[in-house]
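Q: would you be able to build a 3D model of this:
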Amino acid sequence: MSECIIIGAGPAGLAAAIAATKQGVSVRVIDEFVKPGGRLLGQLHQEPDGEWWNGIEEAEKLVAEAKAAGVSLSLGTSVYDLQKTLNGWRVSTTDGILDAPAVLLATGAAETAVPLPGWTLPGVMSIGAAQVMTNVQRVRVGARGVIIGVNILSVAITRELQLAGIHVDRMVLPPVNDVNKHPADPAHVMQSLLRVSHLAPSPLIRLGSRLMQSAGMQQLGVRFFPPQGVKMWGIPIQLRTAALEIIGSTQVEGVRIARITPNGTPVPGSDRIIPADFVCIAGGLYPLAELAAVAGCPFAYIPELGGHVPLHNEQMQTPLNGLYAAGNITGIESAKVAKAQGYVAGLSIANVHGHRAGTLNDELARAIQQVEQVRAQATIQFHPHIQEGRRCIASLYAAHLQQISAMA
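A: This is a model prediction of the structure:
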């Protein structure tokens, strides 16, 4: 029997496995995909210093280190239940039932749906699916496409599609409806893009972005945003254009678009059809935390972290004894932050459940500090007030423990 079961073989899960195993903890990592690495496998982008971040290479390094340390990997295995027992946790998988004193949830994130007419046609996919097909499976998603949804993730992946020789005609917003509130709001989208304007390839774009930090300038920017959009890597990003529907009989044939007002309302008579054989829909990410809910872990809704997240402290412990969480399940951040959090979780597990329990406080404190350093140096922040979100979840965790203590 393993002393720790880690669910998720992405950067957080693998880093945790390495850290715990090196402290003598017996670890098994479970992932439903046939290859370890999680979202790392699809990542490929250029850092501001000119260096390329190759997710596949980063994943290979982590996997090699994990195997060298003695980590057991169970791939192509799904987890469908997680229950507390007298001695720890029972994990129900498609390969059988496993028991362990400690479980780490490193399940990552999922994509938010952005519904619009025609989105079930063959050839329509999420932006993350296009990333995996292109960078992992080496499958060409199409010849000419439109990206619906403009955010940090979709801009990065659109560049990856372009590097793979795929023509992206333009990036536009989704239509306004009860679900697509923020993604369809030009002002909200502009604010999110300003947070990554330092990555823009054009010095003119970077300069213009620095001049638009005030709310008043941003409102003017949305009002007078060029109808043809602003090009990044030659791809028009059109914040004053929305996709009204995806056209096609048996597969994608085009997208009907229209100019929109600053509040997202379509301008009558401005609609036209853009030919396309694929469409990528991008609604952003949210923490994939269903297993934490199944386990009975208390949650909090923290918009700054991307949605509902399980309560946890800086040592990645949840209020449930023996249950830990790390990576994007605790809030949407970069792979580098997830990796640093995973290292903290691995040491935390070893410090409580391992053979050196209680002796790793100094190492754990340094690892926690490293998370803060990595976060501060992050090239991309998916949410603007991540530090506020982290402080909020820490406060709620402490309040929950006090409440439980008072009731005991």
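Q: phi, psi of the nearest residue to Gly42 once chain neighbours are set aside?
A: Using C-beta to C-beta, 6 or more residues apart in numbering and skipping the chain neighbours, the partner closest in space to Gly42 is Gln131 (4.0 Å). Where C-beta positions appear, they are placed from N, C-alpha and C, glycine not excepted. Dihedral pair for Gln131: phi -60, psi -50, per degrees, to the nearest 10.
Q: and Gln131, how close does it get to Gln191?
A: Remark: distance between Gln131 and Gln191 (C-beta to C-beta, to the nearest Å) = 24 Å.
Q: compare these two (neighbour count), which wins?
A: Gln131 (26 against 17; other C-beta atoms under 10 Å).
Q: check the gap between that one and Ile147 for me.
A: 12 Å.
Q: how about the helices of the stretch 251-400 of the chain, start to end?
A: 290-294, 335-353, 361-376, 386-407 (DSSP state H, counting those that start in this stretch).
Q: how about those helices in JSON lines, adding distance to Ser126 and mean neighbour count?
A: Putting these into JSON lines (distance: least, C-beta to C-beta, whole Å; neighbours: other C-beta atoms under 10 Å) gives the following:
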{"stretch": "helix 290-294", "distance to Ser126": "18", "mean neighbour count": "18"}
{"stretch": "helix 335-353", "distance to Ser126": "18", "mean neighbour count": "27"}
{"stretch": "helix 361-376", "distance to Ser126": "26", "mean neighbour count": "15"}
{"stretch": "helix 386-407", "distance to Ser126": "23", "mean neighbour count": "14"}
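Q: and the ones you listed: which comes nearest Gly70?
A: helix 335-353 (13.2 Å; C-beta to C-beta).
Q: packing partners of the closest one?
A: Under the contact definition 3 or more C-beta pairs under 8 Å, 6 or more residues apart in numbering; DSSP states H and E, helix 335-353 sits against helix 11-22, helix 55-69, strand 102-105, strand 323-325, helix 361-376.
Q: quick one: which of those is nearest Thr94?
A: strand 102-105 (16.7 Å).
Q: and that closest one, what's buried?
A: Along strand 102-105, these residues count as buried under the neighbour rule (16 or more other C-beta atoms under 10 Å): 102-105.
Q: avg pLDDT for the helix or strand just after that strand?
A: Remark: after strand 102-105, the chain's next helix or strand is strand 109-111, criterion DSSP states H and E. For strand 109-111, mean pLDDT is 94.
Q: kindly report the same for stretch 304-313.
A: The model assigns stretch 304-313 a mean pLDDT of 96.
Q: same question, stretch 164-184
A: 90.
Q: stretch 378-393 too?
A: 85.
Q: ok, residues contacting it?
A: With C-beta atoms under 8 Å, 6 or more residues apart in numbering as the test, stretch 378-393 has contacts from 47-48, 152-153, 156, 191-192, 195-196, 199, 284-285, 300, 302-306, 309, 311-312, 330-334, 336-337, 375.
Q: roughly how far is it from the heart of the chain?
A: With C-alpha atoms, centre = their mean, to the nearest Å as the basis, stretch 378-393 stands 13 Å off its chain's centre.
Q: go on, stretch 29-44?
A: 13 Å.
Q: hmm, Gly149 is touching Val179, no?
A: No - using C-beta atoms under 8 Å, Gly149 makes no contact with Val179, being 12.0 Å away.
Q: can you give the domain ranges for the chain?
A: Domains of the chain are assigned by automatic domain parsing as 4-110+286-407, 113-283.
Q: lowest-confidence stretch among those?
A: domain 113-283 (a mean of 84).
Q: where's that domain relative to the chain centroid, distance-wise?
A: With C-alpha atoms, centre = their mean, you get 18 Å for domain 113-283.
Q: what about the strands in the stretch 51-200 of the chain?
A: Here the stretch 51-200 of the chain has its strands, by DSSP state E, counting those that start in this stretch, at 52-54, 72-75, 79-85, 88-93, 96-100, 102-105, 109-111, 124-126, 144-148, 167-173.
Q: next, the buried residues of the third one.
A: Same thing as strand 79-85. For strand 79-85, by 16+ other C-beta under 10 Å, it's 79, 82.
Q: gap between that strand and the chain center?
A: Using C-alpha atoms, centre = their mean, the offset of strand 79-85 from its chain centre is 24 Å.
Q: so that it lines up with my notes, have the first residue be 17 from now on.
A: All right, first residue 17 from here; so that's strand 95-101.
Q: tell me what that strand is packed against?
A: By 3+ C-beta pairs under 8 Å, 6+ apart, strand 95-101 packs against strand 104-109, helix 306-310.
Q: partner strands of that strand, parallel or antiparallel?
A: Strand pairing for strand 95-101, determined by DSSP bridges: strand 104-109 (antiparallel).
Q: with only the CA atoms kept, save the strand it pairs with in PDB.
A: Coordinates of each C-alpha in strand 104-109 appear next as PDB, following Å, rounded to 0.1, in the frame of the first residue of the first chain:
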ATOM      1  CA  GLY A 104      -6.800   7.600   5.700                       C
ATOM      2  CA  TRP A 105      -8.500   7.600   2.300                       C
ATOM      3  CA  ARG A 106     -10.000   5.100  -0.100                       C
ATOM      4  CA  VAL A 107      -9.500   6.000  -3.800                       C
ATOM      5  CA  SER A 108     -11.800   4.200  -6.300                       C
ATOM      6  CA  THR A 109     -10.300   3.900  -9.700                       C
END
